[in-house]
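Colleague: predicted model and sequence below, questions to follow.
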Amino acid sequence: MTGDQGGAAAAAAPTLDSAAAFRRYEDIRARLPEAAFPPEAETAANLAAVAERFAGFVFDAFGVLNVGDTPIPGAAERVRDLRAAGKSVAVLTNAASYTKREAEAKYRRLGFDFEAAEIVSSRDVAAQHLAGIAAGAVWAGSAALGDDFSDIPADVGDVLENEALWQRADGFLFLSTARWTPALQARLSAAVMARPRPVVIANPDLVAPREGGLSIEPGFWGHALEDETGQRPHFFGKPYGAAFAALPPAPGPRAMVGDTLHTDILGGRAAGLSAILVADHGLFQGQDLSQPIRQSGIVPDIIVRTT
C-alpha cells in the first residue's frame with residue numbers, strides 16, 4: 001500500500017446513518033430493478049406467525065440472521081423450526097468477503113445449520129459471470145486482507161498488494177471495502193477514465209448493519225464511480241436478478257426476508273417472491289417505517305419485528 005492510501009485517507013472514509021443511506025438509495029433508484037408492490041403491508045410479530053403461508057424462506061444475513069458477527073437472538077432457532085416444519089430455507093447474502101466454505105463455517109459458528117448448497121452469496125454470483133463479461137481477463141481485486149481468490153474461476157490478483165495491476169488488469173473486481181479509502185476510489189476513477197475497463201461490484205449494498213453502526217459497502221463506491229465517470233459497473237447481488245436466479249430450486253411460494261427496502265424487498269418482489277421486512281435489527285432499527293415506505297413506494301408484503 002502506498003503512502004497516500006492509509007492513515008488520513010482511511011480516516012476520511014465516509015459514514016452514513018440510516019437516513020442518509022435511505023436518501024442515497026433513493027438517489028440511485030433509477031439504476032435498480034422495477035417491481036410491483038402490494039398497496040399496504042401486513043404486520044406480524046415474527047416469521048412463525050406467517051410460516052404456514054409459504055413453502056420456503058430466503059434469508060438475507062445482516063439484519064435478519066446476524067448483526068456483524070453477532071447472531072440475532074432466536075434467529076437460529078427460528079430457522080431450525082421452519083426446516084422442521086418442512087419449509088425450504090436458503091441464505092441470499094450480499095456479503096462478498098467470504099468464500100462459500102468460510103460462509104458456511106461462519107453461520108455454523110453463529111448457531112445456524114445451513115448447508116453449503118443453501119448459501120448463495122453475491123461473491124459466488126459475480127464469479128460465475130466474470131468470463132461472460134471479459135473472457136480470459138486479468139482482474140484487479142479489492143478484497144479483505146488474506147483473500148487468495150482461490151474459489152473464483154478467473155485470474156484475480158490483489159490490487160492493493162500488486163501495484164502493477166492498476167495498469168495491467170483488464171478489469172476491476174470489488175469484493176470488500178475492508179481496506180478501501182477515498183484515495184483508492186479516486187485512483188480507480190482515474191484508471192477507468194484513462195482506459196475504460198469493466199468494473200464488477202460483487203456487493204451492491206450501500207451499507208450493512210454491524211455492532212457499532214452502519215459500515216460502508218462496495219455498492220456505495222460502485223455508484224460513486226458511476227457518478228464520477230459515467231461508466232456503469234456490473235452489479236451482482238440483491239436487488240439484481242442474477243442473484244435470485246442462482247438460488248437453489250424449491251417447490252411452492254417463497255418469501256424473501258430482509259431488512260432493506262431497496263435491496264431485499266425490491267429485489268424479492270422483482271424476482272417474483274413475496275417480501276418480508278424485518279424491522280428491529282437492520283437499517284431501520286428503532287424507526288417508524290411508514291415514512292420510508294411511503295416515500296420510496298417500496299412496500300413489503302409483511303413487516304415483522306424480528307425473525
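Modeller: Yes, it's here. Values in this document were obtained by computation on a predicted structure and should not be read as measured data. Numbers count the residues shown, from 1 in each chain.
Colleague: where along this structure do the helices fall?
Modeller: Taking DSSP state H to define them, one finds helices in the chain at 8-11, 18-27, 75-84, 100-109, 122-133, 165-168, 182-194, 218-229, 241-245, 266-270, 290-296.
Colleague: most packed of the ones you listed?
Modeller: Most buried of those, by mean neighbour count (mean count of other CB atoms under 10 Å): helix 266-270, with a mean of 25. (Each C-beta comes from the backbone N, C-alpha and C, glycine too.)
Colleague: that one: how far from the chain's middle?
Modeller: Mean-position distance between helix 266-270 and its chain equals 14 Å (CA atoms, centre = their mean, to the nearest Å).
Colleague: likewise stretch 202-210?
Modeller: With CA atoms, centre = their mean, you get 5 Å for stretch 202-210.
Colleague: ok, back up a step: among the helices of the chain, which comes closest to residue 69?
Modeller: helix 100-109 (7.9 Å; CB to CB).
Colleague: show me what that closest one is packed up against.
Modeller: strand 88-93, strand 119-121 (3 or more CB pairs under 8 Å, 6 or more residues apart in numbering; DSSP states H and E).
Colleague: any weak-confidence spans in this structure?
Modeller: Per-residue confidence for the chain (pLDDT under 70) gives these ranges: 1-13.
Colleague: show me how it divides into domains.
Modeller: 3-8+134-235, 18-42+57-123+240-304 (automatic domain parsing).
Colleague: and residue 48, which of the ones you listed is closest to it?
Modeller: domain 18-42+57-123+240-304 (6.8 Å).
Colleague: how about the domains of the chain in TSV, adding distance to residue 51?
Modeller: Formatted as TSV, the domains of the chain follow (distance: least, CB to CB, whole Å):
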stretch	distance to residue 51
domain 3-8+134-235	24
domain 18-42+57-123+240-304	6
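Colleague: would you tell me which of the helices of the chain gets closest to residue 207?
Modeller: helix 18-27 (4.6 Å).
Colleague: the closest one vs helix 218-229, what angle?
Modeller: 50 degrees (axes from the mean of the first three to the mean of the last three CA atoms, to 10 degrees).
Colleague: out of the helices and strands packed on helix 100-109, nearest to residue 266?
Modeller: Taking the helices and strands packed on helix 100-109 one by one with CB to CB, strand 88-93 is closest: 13.4 Å.
Colleague: strand partners of that closest one, parallel vs antiparallel please.
Modeller: strand 56-59 (parallel), strand 119-121 (parallel) (DSSP bridges).
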